[in-house]
Every structure is written in structure tokens, then in C-alpha cells.
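Student: Give me a model of this one.
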Amino acid sequence: MTIITIPYTDNFKLNIIGSTLLTVALIVASTFSAYFLFGLVLPIMILTNRSGLQIDVKNNVYREYSKIFTRIKGEWKSLSNFKNIVIKSQSATKSTTGTRMTADLKVKTVIHSICLMDYKHLQQLFLKSFEDYDKAKLFADNLSKDLNFSIETFRPLTARTGKARQ
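Tutor: Numbering: from 1, shown residues only. As a prediction, the model looks like this:
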């Protein structure tokens, strides 16, 4: 395996919007054929819009990419600064609105972010986040095997001499 692709987001909402617009476009196209082209291109653009990170293991480079239709854009950068994988855990609050917007539900959760880090843990490259630690650990383990990087505890130090960053 030479290229690892990590999508940034789940495009579920975009897929619903794109599918709805595509359905409307097809209905409009049956009555007004002049609007067919515009109504067809926009939903297809929304449905094929993707972004994420690609890591080329063989050439030791990565890029943040965006994809529309089949065209992928993104500049390749060297992966040589990054030496290990870190699972960073942070507490967060998710907020949802209840029915008829009467109740606001706030749930405390922990987000586990997977990042590539340099030796001092000062430079990071975000890869993916999970709410379930086991899924985050499994992802980090698989990535560790693919990249041949070690998994370490997040410890930002100024020079790995024991001095913690202020």
C-alpha cells in the first residue's frame, strides 16, 4: 500500500443536499429543458466534493487535498519532520436542540484526535478524530504499522530535556 487516504469529514449532509437538488433538477428538467444543465451540474459537484489528507508512504510525502468530480488538487509536502503518532484526548461538549427547539441538551464527551508529531511534539499534522478511544487506538495502530512510526504520549517539550513548554 503506497497511498493512504484519510477523509476529513463524513459528507452525509452534503450527500442529502446533493441528492435532493439532483431530484429537483430532474423534475424541473422534465418541464423546462433549458435549466437541465445548470440543475444537473450543481448537485453533481456537491455529491463529488471531498477533502482530506493523503500520505504517500513510498515517497514519504503528504498532501491535504480537495476533490471535485475526479480532479484532485493539493500540494505534496515532505513527511520527514514527523516522527511519531500521538492520540490527544480533549473533553468537549456537544449541544443538540430538542423537538420544537424547546430543550437544549448538552452532553460532555471526550474527543480523541490522531496527529502526526515531530520529535519535540511542537509541530503537528491532524489526521482524524474519534469519540471512541478503542477506534482511535485501532486507527493509530494500523497507521503505525503502515508508516513505521511509534505511538507516543503527547508531551510537548522545548528540547526533550525534561522542561515542559510553558
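Student: hey, where'd the strands end up in this structure?
Tutor: Secondary structure of the chain (DSSP state E): strands at 3-7, 50-56, 61-68, 71-73, 77-78, 84-97, 104-117, 124-130, 150-152.
Student: which regions of the protein sit below the pLDDT cut-off?
Tutor: 1, 9-19, 21-22, 24-43, 46, 96-104, 157-166 (pLDDT under 70).
Student: Which segments of it make up each domain?
Tutor: As recorded under automatic domain parsing, the domains making up the chain are 3-78, 84-152.
Student: Once you drop chain neighbours, what's closest to Ile114?
Tutor: Leu127 (4.6 Å; C-beta to C-beta, 6 or more residues apart in numbering). C-beta: built from backbone N, CA, C; applies to glycine.
Student: So the one you found sits against Leu143, correct?
Tutor: Yes: counting by C-beta atoms under 8 Å, Leu127 does reach Leu143; the two are 7.3 Å apart.
Student: what touches both of the two?
Tutor: Common neighbours of Leu127 and Leu143, using C-beta atoms under 8 Å, 6 or more residues apart in numbering, are Ile114.
Student: Thr2 touches Asp56, doesn't it?
Tutor: Yes: in this structure Thr2 lies within contact range of Asp56 using C-beta under 8 Å: 6.1 Å.
Student: Which one's more surrounded, those two?
Tutor: Asp56 (14 against 9; other C-beta atoms under 10 Å).
Student: residue contacts, that one?
Tutor: Contacts for Asp56 (C-beta under 8 Å, 6+ apart) come out as Thr2, Ile3, Tyr62, Trp76.
Student: repeat for Lys58
Tutor: Contacts for Lys58 (C-beta under 8 Å, 6+ apart) come out as Thr2.
Student: Next one: it from Leu79, what distance?
Tutor: Counting by C-beta to C-beta, to the nearest Å, the gap from Lys58 to Leu79 is 11 Å.
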